[in-house]
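Novice: Turn this into a structure:
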Amino acid sequence: MPPAAFEGESGLWYDGAMIHIGLDPTIADLGPISIEWHGLFMAIGIAVGLALTVPLARRLGFSDDTVLSAAFGAILFGFIGARLTHVIDNWSEYSHDLADILALQKGGLGWYGALIGGVVGTWIASRLKKFSLARFADATAPGIFLGLCFGRIGCTLNGDSPGIETSLPWGIVYTNPDSFAPLNVATHPAPVYEILWNLVIVLVLWRLWKRLAPDGSSFLVSLVLYSAGRFAISWLRAEDTVLGPLHQSHIISLALFAIGVGLLAWRKTRFVRPDSPGAAEPQPQAET
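Specialist: All right, here's what the predicted structure looks like:
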């Protein structure tokens, strides 16, 4: 445990044994609106993800209007899903005052809920705009996980996804009293582990870009890789157990891993290459 003298110190520094973060989670208060590190980097992550998705979607035949329509649905439903999973995961805190569910200034968003909600929002957009959900998902996969890297930077600075205690030299000690992490306790930098794993996923997707078939395979591969990594990292996160030793994220990771592998296998068995004997003549794509 670091000396008590560190308590309340601001900034970031390394004392030769641990990394210390003393930043206030709130950057500025603008009347009723608070700007926090997590919200700032989440917005940056969305912008970066969208900036990468637009050119990839163009290469797959989608218009910018289609991308923006899908992005609106994904962000809206992703936010709803993120909040719901956080509330469910922390129901003991919210059950005493249901009004706190809508008190967004008190924080709390779950990434898996954002992912699931984003898929639902994109599916709705695909039905309204008449475009291929599977093909569009491939265009979004690299941007999703690159954007998540930025979001996890905010988590690291805020301390809202702390790891379990550690004595390793890269452990993080939060010293600001308003931090969401335990004060003056060295913890695993779980969000940093996830950033590194997400960068691996982006690299794999980039190397496999347009090499996987059928449509949707790149997104499913990213889902399988992420859920496997998140399952492992969750052992190092300070989360409540919900089923034996398993956290909520463990259970969702297992479910998404099984769904991803199952869909990959099922779609592969039904896929016929356009140049194979007996393949149907290619049909022109719908306007996107």
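Novice: For the protein, just list every one of the helices.
Specialist: In the chain, the helices defined using DSSP state H lie at 37-59, 64-89, 91-94, 111-129, 133-158, 190-207, 217-234, 248-270.
Novice: Quick one: closest of these to residue 175.
Specialist: helix 133-158 (12.5 Å; C-beta to C-beta). Glycine gets a C-beta too; all of them are placed from N, C-alpha and C.
Novice: Distance from the chain centre to stretch 174-192, please.
Specialist: 20 Å (C-alpha atoms, centre = their mean, to the nearest Å).
Novice: Restricting to C-alpha, output that stretch in CSV.
Specialist: Output of stretch 174-192 as CSV, limited to C-alpha atoms (Å, rounded to 0.1, in the frame of the first residue of the first chain):
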residue,chain,number,x,y,z
TYR,A,174,-5.7,5.7,-7.4
THR,A,175,-5.2,8.6,-5.0
ASN,A,176,-8.0,11.0,-5.8
PRO,A,177,-10.9,10.7,-3.2
ASP,A,178,-13.4,11.0,-6.1
SER,A,179,-11.9,8.1,-8.1
PHE,A,180,-14.2,5.1,-8.7
ALA,A,181,-11.5,2.7,-7.7
PRO,A,182,-10.5,1.8,-4.2
LEU,A,183,-8.3,4.5,-2.7
ASN,A,184,-4.6,3.9,-2.2
VAL,A,185,-4.8,0.3,-3.2
ALA,A,186,-2.5,-1.1,-5.9
THR,A,187,-4.7,-2.8,-8.5
HIS,A,188,-4.2,-4.6,-11.8
PRO,A,189,-4.7,-2.2,-14.8
ALA,A,190,-7.5,-4.2,-16.2
PRO,A,191,-8.6,-1.6,-18.8
VAL,A,192,-5.0,-1.4,-20.0
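Novice: Just the buried residues of that stretch, please?
Specialist: 174-176, 179-181, 184-192 (16 or more other C-beta atoms under 10 Å).
Novice: Out of the residues you listed, which sit inside strands?
Specialist: 174, 186-187 (DSSP state E).
Novice: Distance to residue 166 added to these, as a markdown table?
Specialist: Below are those laid out as a markdown table (distance: C-beta to C-beta, whole Å):
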| residue | distance to residue 166 |
| --- | --- |
| 174 | 13 |
| 186 | 6 |
| 187 | 6 |
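Novice: Most tightly packed of the helices of the chain?
Specialist: helix 133-158 (a mean of 24; mean count of other C-beta atoms under 10 Å).
Novice: Good, we can wrap up now.
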